[in-house]
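Engineer: model this:
(4 chains)
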There are 2 protein chains.
Amino acid sequence: MAQALTHRLEAFTRLSPDDKEALAKLSKVARVVPPRRDLIREGEKPKFVHLMVDGWACRYKTLPDGRRQVVAFFVPGDFCDLNVYVLKEMDHSIGAITRLSVADISRDDMDALTTNYPRITQGLWWEALVNAAIQREWTLNIGQRTAYERIAHLLLELFLRLRTVGLTNGISCDLPLTQTDLADATGLTAVHVNRTLQELRRDGLIVLEKRRLTLPDIEALMTAAMFNPNYLHLDHEGRYLDSNQ
Amino acid sequence: MAQALTHRLEAFTRLSPDDKEALAKLSKVARVVPPRRDLIREGEKPKFVHLMVDGWACRYKTLPDGRRQVVAFFVPGDFCDLNVYVLKEMDHSIGAITRLSVADISRDDMDALTTNYPRITQGLWWEALVNAAIQREWTLNIGQRTAYERIAHLLLELFLRLRTVGLTNGISCDLPLTQTDLADATGLTAVHVNRTLQELRRDGLIVLEKRRLTLPDIEALMTAAMFNPNYLHLDHEGRYLDSNQ
DNA sequence: CGTAGAGTTGATTGGTCTCAAGATGCGTGG
DNA sequence: CCACGCATCTTGAGACCAATCAACTCTACG
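Structural biologist: Predicted coordinates:
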């Protein structure tokens, strides 16, 4: 857990002890945010790059009439918006889901990091490109997949992302999202998410209770979701999907 | 037209004559792609950053059963995927919509550009962040807006993006998309797009015929679409939305 | 002219939403 | 330790938005 980011970047590249130490320093300055509290709101001036050290968060946008769309979930090791501070104001909000440990990284610290650690810079590029790819996949997910496929796909993605940072236990992982969170992320209503989860359970594709998710047959779930893991780009240095942890 | 990218980056920052010359050189090497031809396909190894010099293209993903989602439209001055070459393979395809003039920029050329022209580098960062913001807005659009709002929103976005690169004439612009393209981008069927466009016409919000779009009442359209232009981040250096050319 | 892509229309179906009520779980304070 | 309150989850019935299927028209173009 402590070094989710290192874990994550190593899915892409090899890091030197020096690199790892530099990353470890980032996590050390983390502050704690209580659950369901916003880290930053739409309209505010972005000042820091955020690194999720522990806990879950989400990026969301809202419409004037209250409709809400979660556009991304953040899990430990996720970085958000390399270089945001070039923008004048945030076009979305970021909110904690669980109790959160987050490092606020200043522009100067980021600049120092990227000029002194080329492998990390490479890694952060990869991170940014993967995040963009995830956002595109979400567009596909919401635009084309049925409710059933959509939820299956989201759960799979989250599971695999947690696995790359070492936060799974075999076929299980924590999933602190409410059905309302899942609804806001998939463009469905909470009621329909509820019914669809029941279908997935009935079909033996998921076990989800007490904020814990188990995937008894990941292959079948991937088929049901039409899940193609290529967009997570986990295979750069010979690390493959089925190399569990 | 010739210098859409310069036009676009100046929505964000001031460029020196040197900067502009460097950008002009990029456009000069453009090659021509016929309409409806793919530039690059999912699974291929990305080798170049693409700069759209003239014409329209789209980024799209498909599901095994043929469902297709357009996840982005590219108009002149758009850059795609700064630094893609760090990825092993494409997770999506890019296809020309019209006859296209596109510059393939090598890794070396990109590196040279970013080390020698700091303002351009800044500009490209802004460009990348805006593209990410657009992708998020699409997620919101497809996830939460009704068909009517959704199409209104997309048309508005495209119009405003064309305006920042000087490709509008007052309240009109070219729109070479078919109703099927619009359908694939909005997660609707072509039939429903057709009916919804008729509604928008009936309400006097758009005129769309012969691949030409006119927005007679942009304010009303923005209200109908719940359009908030903040995500386009066009206001960095005092350039505002209503400062039409 | 003949063909193909694009746009249009109508009738019907169906996936998802809405509204409303009830059940379950859990932290908190008396 | 129980009672309460509140968020979360669950269930049912009905309505509606958008999909589906199937013509048909229009236009561009070779």
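
Engineer: please count neighbours and contacts with C-alpha atoms only from this point.
Structural biologist: OK.

Engineer: and the pLDDT for residue A:82?
Structural biologist: Listed pLDDT for residue A:82 reads 89.

Engineer: that one - that's part of a strand, no?
Structural biologist: No. Judged by DSSP: H, G, I helix; E, B strand; the rest coil, residue A:82 forms no part of a strand; its state is coil.

Engineer: isn't it up against residue A:49?
Structural biologist: Yes. The pair residue A:82 / residue A:49 is scored as a contact, 6.1 Å apart, by CA atoms under 8 Å.

Engineer: any residues of chain A in contact with chain B? List them.
Structural biologist: With CA under 8 Å from any CA of the partner chain as the criterion, chain A meets chain B at residues A:61, A:63-64, A:67-71, A:81, A:83-84, A:86-88, A:91, A:122, A:125-126, A:129, A:132-133, A:135-136, A:138-140, A:142-144, A:186-188, A:226, A:230-231, A:233, A:235-236.

Engineer: within reach of DNA strand C, which of those residues are there?
Structural biologist: Checking the residues of chain A next to chain B against DNA strand C by CA under 7 Å from any atom of the strand, the ones in range are A:187, A:188.

Engineer: for residue A:98, helix, strand, or coil?
Structural biologist: Under three-state DSSP, residue A:98 comes out as coil.

Engineer: got a list of what it touches?
Structural biologist: Residue A:98 makes contacts with A:34, A:35, A:36, A:55, A:56, A:57, A:176, as judged by CA atoms under 8 Å, 6 or more residues apart in numbering or on different chains.

Engineer: residue A:58 versus that one, what's the distance?
Structural biologist: Using CA to CA, to the nearest Å, one obtains 10 Å as the distance from residue A:98 to residue A:58.

Engineer: got it, and residue A:22?
Structural biologist: Remark: distance between residue A:22 and residue A:58 (CA to CA) = 26 Å.

Engineer: and those two? Which one has more around it.
Structural biologist: Taking other CA atoms under 10 Å in any protein chain shown, residue A:22 and residue A:58 do not tie; residue A:58 has more neighbours (21 against 16).

Engineer: does that one count as helix, strand or coil?
Structural biologist: Residue A:58 - assigned by three-state DSSP - is strand.

Engineer: who does it form a beta bridge with?
Structural biologist: Assessed by DSSP bridges, residue A:58 has beta-bridge partners residue A:73, residue A:95.

Engineer: out of the contacts of residue A:98, which are buried?
Structural biologist: Using 16 or more other CA atoms under 10 Å in any protein chain shown as the burial test, the contacts of residue A:98 include A:55, A:56, A:57 as buried.

Engineer: wait, doesn't the first one sit right on residue A:78?
Structural biologist: Think residue A:55. No. Taking contacts as CA under 8 Å, residue A:55 lies outside contact range of residue A:78: 10.5 Å.

Engineer: give me the buried positions along the longest helix belonging to chain A.
Structural biologist: Criterion DSSP state H: the longest helix present in chain A is helix A:118-144. Buried residues in helix A:118-144, counting neighbours by 16+ other CA under 10 Å, are found at A:119-144.

Engineer: so that helix versus helix B:118-144, what angle?
Structural biologist: For helix A:118-144 against helix B:118-144, the angle by axes from the mean of the first three to the mean of the last three CA atoms, to 10 degrees is 30 degrees.

Engineer: quick one: whichever helix or strand comes after helix A:118-144 near DNA strand D?
Structural biologist: Sequence-wise, the next helix or strand downstream of helix A:118-144 (DSSP states H and E) is helix A:147-164. No. Judged by CA under 7 Å from any atom of the strand, helix A:147-164 stays clear of DNA strand D, getting no closer than 12.2 Å.

Engineer: so how far is DNA strand D from the residue nearest the centre of chain A?
Structural biologist: Against the mean C-alpha coordinate of chain A, by CA atoms, centre = their mean, the closest residue is residue A:74 at 3.4 Å. Using CA to the nearest atom of the strand, to the nearest Å, one obtains 17 Å as the distance from residue A:74 to DNA strand D.

Engineer: ok, that residue - contacts?
Structural biologist: Residue A:74 touches A:52, A:56, A:57, A:58, A:59, counting by CA under 8 Å, 6+ apart.

Engineer: what's near enough to touch the residue of chain A found nearest DNA strand C?
Structural biologist: Going by CA to the nearest atom of the strand, DNA strand C is nearest to residue A:188 of chain A, at 3.3 Å. Residue A:188 makes contact with A:147, B:143 under the criterion CA under 8 Å, 6+ apart.

Engineer: next: residue A:232.
Structural biologist: Residue A:232 is in contact with A:130, A:133, A:134, counting by CA under 8 Å, 6+ apart.

Engineer: and residue A:199, how far from residue A:222?
Structural biologist: Distance of residue A:199 to residue A:222, computed by CA to CA: 16 Å.

Engineer: quick one, which of the two is more surrounded?
Structural biologist: Neighbour comparison, residue A:199 and residue A:222: the larger count goes to residue A:222, with 18 against 14 (by other CA under 10 Å).

Engineer: for chain A, give me the ranges with low pLDDT.
Structural biologist: Scanning chain A with the threshold set as pLDDT under 70 gives A:1-2, A:236-245.

Engineer: how about the strands in chain A?
Structural biologist: Assignment of strands within chain A using DSSP state E yields the ranges A:31-33, A:38-40, A:49-54, A:57-62, A:68-74, A:79-80, A:93-96, A:100-105, A:168-169, A:172-174, A:207-209, A:212-214.

Engineer: parallel or antiparallel, list what pairs with the first one.
Structural biologist: The reference is to strand A:31-33. strand A:100-105 (antiparallel).

Engineer: what angle separates the partner strand from strand A:49-54?
Structural biologist: 150 degrees.

Engineer: pull strand A:100-105 out as CSV, backbone CA atoms only.
Structural biologist: Coordinates of each C-alpha in strand A:100-105 appear next as CSV, following Å, rounded to 0.1, in the frame of the first residue of the first chain:
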residue,chain,number,x,y,z
LEU,A,100,-8.1,9.7,1.9
SER,A,101,-4.4,10.2,2.2
VAL,A,102,-3.2,12.6,-0.5
ALA,A,103,0.0,14.3,-1.4
ASP,A,104,-0.3,17.9,-2.8
ILE,A,105,2.7,18.4,-5.1
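
Engineer: might one say that residue A:172 is in contact with residue A:217?
Structural biologist: No. Taking contacts as CA under 8 Å, residue A:172 lies outside contact range of residue A:217: 11.2 Å.

Engineer: about what we covered before: which strands or helices does the longest helix of chain A pack on?
Structural biologist: If you count contacts as 3 or more CA pairs under 8 Å, 6 or more residues apart in numbering or on different chains; DSSP states H and E, helix A:118-144 packs onto helix A:4-9, strand A:68-74, helix A:107-116, helix A:147-164, strand B:68-74, helix B:118-144.
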